[in-house]
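Q: Sequence and predicted structure, then a few things I'm wondering about:
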Amino acid sequence: MNQVDYLRISLIDRCNFRCQYCMPEGAELDYLLRQELLTNEELLTLLQEVFIPVGFRKFRLTGGEPLLRPGVVDLVRAIASLPETQDLAMTTNAYLLASMAQELYDAGLRRINISLDSLNPETFDKVIGNRGRSRWQQTWEGIQTAHRVGFDPLKLNVVVIPGVNDQEVLDLAALTIERCWHVRFIEFMPIGNAQLFGESAWVPSEELRQNIRDTFGLMESNVQGNGPADVFQIPEAKGTLGFISQMSECFCDRCNRMRLSADGWLRPCLLNESGQIDLKTSLRNGVDLIQLRANVRQLLMIKPEINFKERESGTPGTYTRTMSQIGG
Ligand code: SAM
Ligand code: SF4
C-alpha cells in the first residue's frame, strides 16, 4: 500500500480571482464564516497531535487563495519549525506574492506552486474572470519576485481548457527552455464549473505532449517526483514539464495524500466525498485526541477503497464542493 504522508491544507475558501474552471463569476458559493474556519491554534493542534503521530510529514497550504488568510506567515513559520515537517509548500495564484514572497521565505517556506493559465494578459484576465484593471502584470511580478527570493523549485500550474488557453501550450512550455521552472499541465476536471466542462471538455495530456514533441522535441525526465505528475523535458531545457492526467489516466494507486478543508473536514479522495470526517467539530466538542488519531488511522486504512477507482467501478463520486472549497 502506498504510504500516505502528505496533507493538503486549505486555509480559506475565499479567493481574489474567479477562475472560470474553479469558482466562476456568478456561481453561488456559500462562503465559510470566520468562526467556521479552523483557527491557527486548532490547525497546529491537529498537526502535532493527530496528523504527525499517524505519519504525515509533508504539508501544502492551499485554498481558495491561501495568501488571503490572516496570519498566514505566522502559520508558515509555526509549521516549518515543527521538527517532523519534512516538506512545506504552498499553492497560490501569486497576485499578492510580490509583497509577501520574502516574508514567506524568511518564515521557512521553500516551495511554491503558482497557477498561471496564460501569458497573454487578455486571455489571463478572461480565465480569472477579471473585468477591471488587468491583473496579469501584478501576478507576473509575483512570480518574478518568488524566483528572485529563491523559491526552488518554482512550479507553474496550467489548467488547459480547449478554446480558452490551449493555443498557448507551446509558449508556456517554452518558459522552461531558459528558466529552471517546472510547468505542469493539468487536465481540466469536472469539478467547479460543470457547464464549462460540458461545453469545452478537456485535452488529454498525450495530445499536449505530441504537440510539444513535434515542435521542440520531448523526452522523459530522469527526475520523476513522487506526486501525480509525469515529468518530461524539452531536450537541453533548464526546467521540466509535468503532466497531471487525472482524467485520462488513473493514478489512484500512487496517491499519497489527503485533504483538510478550511472548516476541518478531512477528505481521503479529491473526487469523492465518501468517508470524510469532521475534525473541527470533534475537536471543539472535546473529543479525545487519541480518538481523533484512531479515526484518521481508520480513514487511512479504507482510503484505497474510496479513491477515484470507485468512480470507474460505477460508484458515483460526489462533487458538492469546488476545488476552492476542498483545497485544490
Ligand atoms: N488559489 C490557488 C491557486 O489557484 O493556485 C490555490 C487553490 S486552487 C483551487 C489549486 C489548484 O487547483 C490550481 O492550480 C487550479 O488551477 C486547480 N484547479 C481548480 N479547479 C480545477 C479544475 N476544475 N480542474 C483542474 N484543476 C483545477
Ligand atoms: Fe481562486 Fe485558485 Fe480557484 Fe483560481 S483556481 S478561483 S485562483 S482558488
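A: Alright, I've got the coordinates. Residues are numbered from 1 along each chain as shown. Ligands and ions are numbered 1, 2, ... in the order given.

Q: From now on I want contacts and neighbour counts done on CA atoms only, so please keep to that.
A: Fine.

Q: need the helices for the stretch 201-328 of the chain, in chain order.
A: Applying DSSP state H, counting those that start in this stretch to the stretch 201-328 of the chain gives helices spanning 205-216, 279-284, 289-306, 309-312, 323-326.

Q: Tell me which of these sits most buried.
A: Of these, the one with the most neighbours on average (mean count of other C-alpha atoms under 10 Å) is helix 323-326, at a mean of 24.

Q: what does the stretch 51-200 of the chain put close to ligand 1?
A: Proximity of the stretch 51-200 of the chain to ligand 1, by C-alpha under 6 Å from any ligand atom, involves residues 62-65, 91-93, 114-115, 157, 159, 186-192.

Q: what would the helices of the stretch 201-328 of the chain look like in JSON lines with mean pLDDT?
A: Formatted as JSON lines, the helices of the stretch 201-328 of the chain follow (pLDDT from 0 to 100):
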{"stretch": "helix 205-216", "mean pLDDT": "97"}
{"stretch": "helix 279-284", "mean pLDDT": "98"}
{"stretch": "helix 289-306", "mean pLDDT": "93"}
{"stretch": "helix 309-312", "mean pLDDT": "57"}
{"stretch": "helix 323-326", "mean pLDDT": "74"}
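
Q: Which among the ones you listed is found nearest to ligand 2?
A: Between ligand 2 and those, the tightest spacing by C-alpha to the nearest ligand atom is seen for helix 323-326, at 4.5 Å.

Q: Export that closest one to PDB, keeping only CA atoms.
A: Output in PDB follows, covering the C-alpha atoms of helix 323-326 (Å, rounded to 0.1, in the frame of the first residue of the first chain):
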ATOM      1  CA  MET A 323     -11.600  22.900  -5.700                       C
ATOM      2  CA  SER A 324     -11.600  26.300  -3.800                       C
ATOM      3  CA  GLN A 325     -13.700  24.800  -1.100                       C
ATOM      4  CA  ILE A 326     -11.900  21.400  -0.800                       C
END
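
Q: Residue numbering should commence at 55 henceforth.
A: Got it, first residue is 55 now, which makes that one helix 377-380.

Q: if we look at it, which residues are touching it?
A: The contact list for helix 377-380 (C-alpha atoms under 8 Å, 6 or more residues apart in numbering) reads 64, 66-69, 76-77, 117-119, 245-246, 313-316, 324.

Q: and those residues near ligand 2, which?
A: C69, C76, M77, G117, G118, E119.

Q: The last one contacts N147, correct?
A: Pointing back at E119 there. Yes. Counting by C-alpha atoms under 8 Å, N147 is a contact partner of E119 at 6.9 Å.

Q: For the closest residue to ligand 2 within the stretch 155-304 of the chain, list the residues it contacts.
A: Nearest residue of the stretch 155-304 of the chain to ligand 2 (C-alpha to the nearest ligand atom) works out as I182 at 6.2 Å. Counting by C-alpha under 8 Å, 6+ apart, I182 touches F71, R72, C73, Q74.

Q: Find the nearest non-adjacent residue to it, please.
A: Nearest non-adjacent residue to I182, counting by C-alpha to C-alpha, 6 or more residues apart in numbering: C73, 3.9 Å away.

Q: That neighbour contacts D179, correct?
A: No. Proximity of C73 to D179 does not meet the contact threshold set by C-alpha under 8 Å, at 9.0 Å.

Q: got a list of what the closest residue to G279 other than its chain neighbours touches?
A: Computed as C-alpha to C-alpha, 6+ apart, the closest residue to G279 that is not its neighbour in sequence is V285, at 7.5 Å. Going by C-alpha under 8 Å, 6+ apart, V285 touches E274, S275, V277, Q278, G279, T294, L295, G296, F297.

Q: Considering only those, which also neighbour ligand 2?
A: Applying C-alpha under 6 Å from any ligand atom to the contacts of V285, none is adjacent to ligand 2.

Q: if we take these, which one ends up nearest to L353?
A: L353 has its nearest neighbour among the contacts of V285 in G279, at 25.1 Å by C-alpha to C-alpha.

Q: Neighbours of that closest one, how many?
A: 11 (other C-alpha atoms under 10 Å).

Q: now swap in R123 and tell me
A: Other residues within reach of R123, judged by other C-alpha under 10 Å, total 18.

Q: That one against I66, yeah?
A: Yes. Counting by C-alpha under 8 Å, R123 does reach I66; the two are 6.1 Å apart.

Q: can you give me the strands for the protein?
A: Along the chain, counting by DSSP state E, strands occupy 60-64, 112-116, 141-146, 165-169, 208-214, 235-241, 273-274, 284-287, 294-298, 311-314, 319-321, 331-332.

Q: Compare these and give me the one nearest I197.
A: Using C-alpha to C-alpha, the nearest of the strands of the chain to I197 is strand 165-169, at 7.5 Å.

Q: just for the stretch 155-304 of the chain, where's the confidence low?
A: 280 (pLDDT under 70).

Q: I'm done for today, thanks for sticking with me.
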